[in-house]
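In: model this:
(one chain, ligands or ions: 1)
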Amino acid sequence: MIEFINVNKTYPNGVTALSNVNLEIEQGEFVAIIGLSGAGKSTLIRCINRMHEINEGTLNVDGVNVSQLKGKQVRAFRRKIGMIFQSFNLVTRTTVLNNVLVSSVPELSFWRKTLGLFPKDKKVAALEALDKVGILDKAYNRVDQLSGGQQQRVALARTLAQNPSIILADEPVASLDPVTAKVVMDDFKRINQEMDMSILINIHHVELALEYADRVIGVRKGEIVYDGKSEDVTQDVLNNIYGSITEVPHMDDPEEAEV
Ligand code: ADP
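Out: The predicted structure is shown next:
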């Protein structure tokens, strides 16, 4: 379980990104975080794996107070939490399989990694992860030969090979076309259902959030202004999250929310 208790986050420049956040997210939930650009969505998910530090309150993951972890503990903790970014963060000049393996065998020496000498069981796990996201046939392709959607699926496979209990995804489909975005969202949904992984997605497109997530968290100016089932999200709820006169961003208007 992920638990925020009265969490505040203010950046060194004085910007308050999270204000008195209280949340409980159970294992296996599929949660979409929505809100305008700058609302605090990314900060919210990045505090969970300590990419950002909270200033006040308590943040527990599976009963562990994450602020109290130090050095090696932070690295071990982060391995239990997969992170997916909008920009995929892959090494494009090497193979799909190597990208998945490098993160699943972090303790391997540099020269073994360079020569591609990975333990057999890790290779099997990496190939299984690629199979789960439907790109096993691309295992020996270079990443830069793949489409954006395929690259995001490699990033997802790389995360799965870590065997995390939680996946945090920061705008994972923002740079994909609408059809490909749905293919990637289908992967997230399947993984959530089949593997009981908690998935928290910070997402720009409201209709994707409502279609795929079971629970929606609406953030406005660092505050949670909605937390409930996606089927209970009404136009009034959206107006409250996005501001009453702001149009809700749609998939074919990716720039809308930047206004
Ligand atoms: P969102 O993901 O909803 O677009 P963010 O969490 O990225 O929102 O940002 C919330 C607020 O915090 C914004 O005002 C943003 O400018 C500010 N912010 C985000 N990251 C930093 C940072 N590293 N340093 C200073 N301010 C930041």
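
In: Below-threshold pLDDT in the protein: ranges please.
Out: Counting by pLDDT under 70, the chain has low-confidence residues at 106, 113, 116, 244-259.

In: That one against the ligand: which residues are in contact?
Out: Contacts of the chain with the ligand, taken as CB under 6 Å from any ligand atom, map to 11, 13, 15, 17, 35, 37-43, 202. Using the backbone N, CA and C atoms, a C-beta is placed for each residue, glycine as well.

In: Just the buried residues out of those residues, in PyMOL syntax.
Out: Filtering these down to the buried ones (16 or more other CB atoms under 10 Å) takes a single PyMOL command:
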select buried, resi 17+35+39+40+41+42+43+202
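
In: Now, the residues of the chain next to the ligand that are in strands?
Out: Secondary structure from DSSP state E places Ala17, Asn202 of these in strands.

In: can you list the residues of the chain next to the ligand in a markdown table and add distance to Phe85?
Out: Supplementary listing: these in a markdown table, determined by distance: CB to CB, whole Å:
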| residue | distance to Phe85 |
| --- | --- |
| Tyr11 | 19 |
| Asn13 | 23 |
| Val15 | 21 |
| Ala17 | 18 |
| Gly35 | 18 |
| Ser37 | 16 |
| Gly38 | 18 |
| Ala39 | 18 |
| Gly40 | 17 |
| Lys41 | 13 |
| Ser42 | 10 |
| Thr43 | 14 |
| Asn202 | 10 |
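
In: Do you have the helices of the protein handy? List them.
Out: Assigned by DSSP state H, the helices in the chain fall at 41-48, 71-79, 96-104, 110-115, 120-132, 148-161, 178-195, 206-212, 235-242.

In: Next, give me the two most distant ones among the residues of the chain next to the ligand.
Out: The span of the residues of the chain next to the ligand, defined through CB to CB, is set by Asn13 and Asn202 at 21.1 Å.

In: Just checking the distance from stretch 169-187 to the centre of its chain.
Out: Taking the mean of its C-alpha atoms, stretch 169-187 sits 11 Å from the chain's own mean (CA atoms, centre = their mean, to the nearest Å).

In: ok, now stretch 185-192?
Out: Relative to the chain's own centre, stretch 185-192 is displaced by 12 Å; criterion: CA atoms, centre = their mean.

In: So which bits of it are buried?
Out: Under 16+ other CB under 10 Å, the buried positions of stretch 185-192 are Met185, Asp187, Phe188, Lys189, Ile191, Asn192.

In: cool, and stretch 132-149?
Out: Going by neighbour count (16+ other CB under 10 Å), the buried part of stretch 132-149 is Lys132, Val133, Ile135, Lys138, Ala139, Val143, Leu146, Gly148, Gly149.

In: Among these, which one sits closest to the ligand?
Out: Gly148 (20.3 Å; CB to the nearest ligand atom).

In: for that closest one, what are its contacts?
Out: Residues in contact with Gly148 (CB atoms under 8 Å, 6 or more residues apart in numbering) are Phe88, Ser175, Leu176, Thr180.

In: The residue in the stretch 151-259 of the chain that the ligand sits nearest to pairs with what?
Out: Nearest to the ligand in the stretch 151-259 of the chain, going by CB to the nearest ligand atom, is Asn202, at a distance of 5.9 Å. Beta-bridge pairing for Asn202 (DSSP bridges): Ile33, Asp170.

In: Tell me the spacing between Ala32 and the ligand.
Out: For Ala32, the distance to the ligand (CB to the nearest ligand atom, to the nearest Å) stands at 13 Å.

In: Could you do Gly63 as well?
Out: To the ligand, Gly63 is 26 Å away according to CB to the nearest ligand atom.

In: Might you report the residue contacts of the closest residue to that residue other than its chain neighbours?
Out: Using CB to CB, 6 or more residues apart in numbering and skipping residues adjacent in sequence, the residue nearest Gly63 is Met1, 7.7 Å away. Counting by CB under 8 Å, 6+ apart, Met1 makes contact with Glu24, Ile25, Glu26, Gln27, Asn60, Val61, Asp62, Gly63.

In: Many thanks, have a good one.
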